[in-house]
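[1] Sequence first, predicted model second:
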Amino acid sequence: MTDTTRALTSALASLVDVPPARHGPQCTVGAILDSLDEQAADSLRHVLDQPQVTSTLIADTLTANGKPIQAPAVARHRRRGASNGCRCPR
């Protein structure tokens, strides 16, 4: 294998490690998660994964605690990874 081939192979392999480009603004729930300390963020993630807790109740609780958000944004985040969900990783 020549040095040129090795260099090209290495450069192409490194492309896999590049994180995907983000398109559009960050999801509101994602922004809220980023603004919270680890314990609060973990609590929010846990509640988001509980189907019996409505998106409206989550949005109302976040808004009442200084993190204004609407229920459709919470519902969209809960569908992340689906074609009609937000772009946050699952």
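    Here it is on my side, so go on.
[2] Who are the packing partners of the helix or strand bottoming out on mean pLDDT in the chain?
    Ranking every helix and strand in the chain by mean pLDDT, DSSP states H and E puts helix 3-15 at the bottom, with a mean of 87. Under the contact criterion of 3 or more C-beta pairs under 8 Å, 6 or more residues apart in numbering; DSSP states H and E, helix 3-15 touches no helix or strand at all. Bear in mind the C-beta positions are built from the backbone N, C-alpha and C, glycine included.
[3] Could you list every helix and strand that the very next helix or strand once past it packs against?
    Remark: after helix 3-15, the chain's next helix or strand is helix 28-35, criterion DSSP states H and E. Secondary-structure packing of helix 28-35 (3+ C-beta pairs under 8 Å, 6+ apart): helix 38-48, helix 71-78.
[4] same question for helix 28-35, mean pLDDT?
    Averaged across helix 28-35, the pLDDT comes to 96.
[5] Just the buried positions in it, please.
    Across helix 28-35, burial judged by 16 or more other C-beta atoms under 10 Å covers 28-30, 32-33.
[6] tell me the angle of it relative to helix 38-48?
    150 degrees (axes from the mean of the first three to the mean of the last three C-alpha atoms, to 10 degrees).
[7] Can you tell me how far the residue lying closest to Asn84 once chain neighbours are set aside is from Arg87?
    Excluding the flanking residues, the one nearest Asn84 by C-beta to C-beta, 6 or more residues apart in numbering is Arg76, at 7.4 Å. As judged by C-beta to C-beta, to the nearest Å, Arg76 and Arg87 stand 10 Å apart.
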